[in-house]
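Asks: got a sequence here, can you model it:
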Amino acid sequence: MPRRGFTLLELMLVLLILVIAAALTAPWVESMMTPGKRIAAQDKVREVFAQMTTHAMTDNRPYRFSVKENTGEFRVIFDDALDPNDNAEIDMVNGLNPEGTLPDGVFFVKDPGALLGSTEPMPGSEWETLAVILPDGTAKADADIMFAVKGEEAITLHLRALTGVLRIVDNVTKEEIKSE
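Replies: Next comes the predicted model:
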């Protein structure tokens, strides 16, 4: 009489092979996702700055971009707000999402090599203003916005004050990289 199924041993063997294959491919898949996360973070920051510029010009008020170091959190508030850490000030921003986060696993950093080490950096608790967009579409001062994925070197977006344009900067040569 022909056999009509599989034994428990055969099923367990196939399951074991699938688990081993998944364990071997998981780091490879994760490494493929890292550049995508960094590019998504770069696009998110550029999108927020475009919205800030539009609102600053429309409202005729400067906007402030603040971040918490070693987190993916950012905040956009009016620059004339008294304290960047005052939560009451964020309700005043009309038509612009005042708070946001970068994609999971991407963090704002001060040092390009901050997340290359094996130790997890301590997240900041205070909001730090990185840039202010003025009503004419320019910025108050040049600014560098750095973010990184753990185990990778940071990406730096340089905000040019005179033009209000964000450009990617090579952290080694400190030269702007042509983009788009």
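Asks: any weak-confidence spans in this structure?
Replies: 1, 30-34, 81-97, 112-124, 171-180 (pLDDT under 70).
Asks: helices of that one, start to end?
Replies: Counting by DSSP state H, the chain has these helices, from start to end: 8-59.
Asks: give the bridge partners for residue 131, please.
Replies: Residue 131 has these beta-bridge partners by DSSP bridges: residue 65.
Asks: show me what contacts it?
Replies: 49, 64-65, 139-141, 143, 145, 159 (CB atoms under 8 Å, 6 or more residues apart in numbering). Heads up, the C-betas are built off the backbone N, CA and C, glycines and all.
Asks: out of those, who's nearest residue 16?
Replies: Using CB to CB, residue 145 comes nearest to residue 16 of those, at 46.6 Å.
Asks: which strand residues bridge the closest one?
Replies: residue 157.
Asks: hmm, residue 46 and it touching each other?
Replies: No: the pair residue 145 / residue 46 is not scored as a contact, 9.9 Å apart, by CB atoms under 8 Å.
Asks: okay, and the common contacts of these two?
Replies: With CB under 8 Å, 6+ apart, residue 145 and residue 46 have common neighbours 157, 166.
Asks: of the two, which one has the most company?
Replies: More crowded of residue 145 and residue 46, by other CB atoms under 10 Å: residue 145, with 24 against 17.
Asks: so who does the more buried one touch?
Replies: Counted by CB under 8 Å, 6+ apart, residue 145 has contacts 45, 65, 67, 108, 130-131, 156-159, 166.
Asks: now distance to residue 56 too, for these, in a markdown table please.
Replies: Output for the contacts of residue 145, formatted as a markdown table (distance: CB to CB, whole Å):
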| residue | distance to residue 56 |
| --- | --- |
| 45 | 16 |
| 65 | 11 |
| 67 | 18 |
| 108 | 21 |
| 130 | 15 |
| 131 | 11 |
| 156 | 23 |
| 157 | 18 |
| 158 | 19 |
| 159 | 13 |
| 166 | 15 |
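Asks: what's the neighbour count on residue 129?
Replies: The number of residues near residue 129, taken as other CB under 10 Å, comes to 16.
Asks: quick revisit: which among the contacts of residue 131 gets closest to residue 80?
Replies: Looking across the contacts of residue 131 and measuring by CB to CB, the closest to residue 80 is residue 64, at 8.9 Å.
Asks: and the closest one, how many residues sit next to it?
Replies: By other CB under 10 Å, neighbour count at residue 64 equals 22.
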